[in-house]
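1. I would like the atomic coordinates for the input below:
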Amino acid sequence: MPSFKIDTSTAVVFVATAPTPKLANAKTGERAMDRETGAALSTVGLLVSDEGEGNLYQVTVPETGYPEGLMPGMPVRVTGLKARDWENTFNGEKRHGISFRAIAITPMA
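-> Predicted structure coming up:
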C-alpha cells in the first residue's frame, strides 16, 4: 500500500509517551524489526499541533533513530514522518486504520 509524507515543518511536536518496544508477536515477545536495516523498532507517542489543531500519533521509529532519554513533554523534531493505511482480518473481523512511521525523532536544542 502507498504511504504519504506528513509535513511537520510548521508544526510544534512534543513527546507524549516515551519509546516502548514494538512487538511482532505479543504472545512470544518477539521484537518487531525494520525489514530494510534490521534495527529493532519502537513506538513513541507524539503530540503534533499545527494550524490550531492537535493530534496524538503513535509513531513507529527504529531504535537507531532516537536518543536515549526521550521523555513526555520534550519538544522534538520528526524526520521522514509518513502515514500508511492498513487493513487485516482478525478472528473473522475486518479491521483497518492508519499507521505512522518516522526515520528519526530528535530533541529540539
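2. so who does the residue located most distally from the centre of the chain touch?
-> Here the chain reaches farthest from its C-alpha mean at residue 92, the gap being 27.2 Å by Cα atoms, centre = their mean. The contact partners of residue 92, by Cβ atoms under 8 Å, 6 or more residues apart in numbering, come to none. For every residue, glycine as well, the C-beta is placed using N, CA and C.
3. ok so residue 64 is a strand residue?
-> No: using DSSP: H, G, I helix; E, B strand; the rest coil, the secondary structure at residue 64 is helix, not a strand.
4. Pull the contacting residues for the residue nearest to residue 37 when sequence neighbours are not counted.
-> Of all residues not flanking residue 37 in the chain, residue 62 sits nearest, at 6.4 Å (Cβ to Cβ, 6 or more residues apart in numbering). Counting by Cβ under 8 Å, 6+ apart, residue 62 touches 34, 37, 39-42, 103.
5. let's go with 6 Å and repeat that
-> 34, 39, 41 (Cβ atoms under 6 Å, 6 or more residues apart in numbering).
6. Same check on residue 82?
-> Applying Cβ under 6 Å, 6+ apart, the residues contacting residue 82 are 3, 5, 101.
7. So which of these are in helices?
-> Members of the contacts of residue 82 lying in helices (criterion: DSSP state H): none.
8. Point out the least confident member of those residues, please.
-> Lowest pLDDT among the contacts of residue 82: residue 3, with 88.
9. mind checking how far the most centrally placed residue in the chain is from residue 3?
-> Of all residues in the chain, the one closest to the mean position by Cα atoms, centre = their mean is residue 59, 1.0 Å from it. To residue 3, residue 59 is 13 Å away according to Cβ to Cβ, to the nearest Å.
10. Over to residue 68?
-> The value you get for residue 68 to residue 3, if Cβ to Cβ is used, is 28 Å.
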